[in-house]
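Trainee: next input, structure requested:
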Amino acid sequence: MSKYGLVLEGGGMRGAYTAGALAWLVDNNIEFDYGVGISAGAVNLCSYLLKSKEYLHDITVKYTSDKKNVGLIPLLKEHRYVGYDYMFDHLLRDEVKYDTSPIKDKNMPMEFGVYDMNQEKTIFFNAQDLDPDLRMLKASCSLPIAGRIVDYNGYRFLDGGISIMIPIERSIEAGCDKNMVIITKPEGYRRKAAGPFMQKLMTFNYRKYKKMVYDYTHRHESYNRQMELIEKEVKDGNCILIRPSETIPVKRFSGDPENLKKLYELGYKDMETRKEEILKFMQNKNHM
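Mentor: Residues are numbered from 1 along each chain as shown. Have a look, this model is predicted:
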């Protein structure tokens, strides 16, 4: 019998697309044997497992566009371009009361990736590693330069997307021979190498972490390799790839509420458009 995996890319604010697609899965009662997320995909995965369309929508459409989350205010308050402290330590934990304990209590089959600065590689944690202060989810989203290294339980973490942006290989290693992969890039996209300025910035700021700098400045190679594997899996009938059918002006760190809402709705609409294909792919897992 096949084992079905759900694989989620990150993408920052572009994760609104993923959230819309996951809301469709919630509405259609589609579940998986295993899920894995990177960066924003880790948060979206938790919201999906909690079956909360409110979390999926509000976190990606309403909260990420908050002026305290990106830009001048976090630069002044946190000395970083992205307000990860504000988003996770204040907004999600204290105001929203974002509660992942049901995932941990039920030990749901899920994983999320973070970059371990001690080992200088991306490692994966599971439901039992989710904490009420959201430190692990914060770590999973904290990109170099944009955010600080997150210290937790003797570890030093950054965003797992430093070296693994689409964790398809992790899902296959977990025994999933059928996978739904949701990404935020349009058809034909291929990641390019980091520019000279970013390479110098990374080298200067993380000079003690040469392997991490190498991983970051070569992550385009990892991304393109992961996409090649996904495309092969699609061709072989083992994978269904969900990606934006339209281009909406939302970038990793920039997007107004109106366009984020459009992107979220596009994710939902693209799933509905491909409903017959999705149900056929999932027919041995979900009987609807």
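
Trainee: drop to CA atoms for contacts and neighbour counts, all remaining ones
Mentor: OK.

Trainee: what does stretch 44-62 rub up against?
Mentor: 8, 13, 15-16, 18-20, 22-23, 26, 35-37, 100, 102-103, 257, 260-261, 264 (CA atoms under 8 Å, 6 or more residues apart in numbering).

Trainee: so which bits of it are buried?
Mentor: Within stretch 44-62, the residues that count as buried by 16 or more other CA atoms under 10 Å are 44-51, 53, 55-57, 59-62.

Trainee: hey, which helix or strand in this structure has the poorest pLDDT?
Mentor: Ranked by mean pLDDT, DSSP states H and E, the weakest helix or strand in the chain is helix 72-77, scoring a mean of 80.

Trainee: how close does Arg93 sit to Ile145?
Mentor: From Arg93 across to Ile145, the span is 23 Å (CA to CA, to the nearest Å).

Trainee: quick one on the thing from earlier: any quick ChimeraX command for the buried ones out of the contacts of stretch 44-62?
Mentor: The buried residues among these can be selected in ChimeraX (16+ other CA under 10 Å) with this line:
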select :8,13,15,16,18,19,20,22,23,26,35,36,37,100,103,257,260,261,264
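
Trainee: narrow the contacts of stretch 44-62 to those in helices?
Mentor: Among the contacts of stretch 44-62, DSSP state H puts 15-16, 18-20, 22-23, 26, 102-103, 257, 260-261, 264 in helices.

Trainee: residue contacts, the residue sitting nearest the centre point of the chain?
Mentor: Geometric centre of the chain, nearest residue: Gly41, 1.8 Å, by CA atoms, centre = their mean. Applying CA under 8 Å, 6+ apart, we find Gly41 in contact with Leu8, Glu9, Gly10, Gly11, Gly15, Thr18.

Trainee: nearest to Met87, of the residues you listed?
Mentor: Gly15 (15.1 Å; CA to CA).

Trainee: ok, that closest one touching Lys185?
Mentor: No - contact criterion CA atoms under 8 Å: Gly15 and Lys185 do not qualify, at 10.1 Å.

Trainee: what's the local residue count around Asp270?
Mentor: 19 (other CA atoms under 10 Å).

Trainee: to clarify, my last question referred to Lys97.
Mentor: Neighbour count for Lys97, taken as other CA under 10 Å: 12.

Trainee: measure it to Leu91 for me?
Mentor: Lys97 sits 8 Å away from Leu91, taking CA to CA as the criterion.

Trainee: among the ones in helices among the contacts of stretch 44-62, which one has the lowest pLDDT?
Mentor: Least confident of those in the model: Pro257, at 87.
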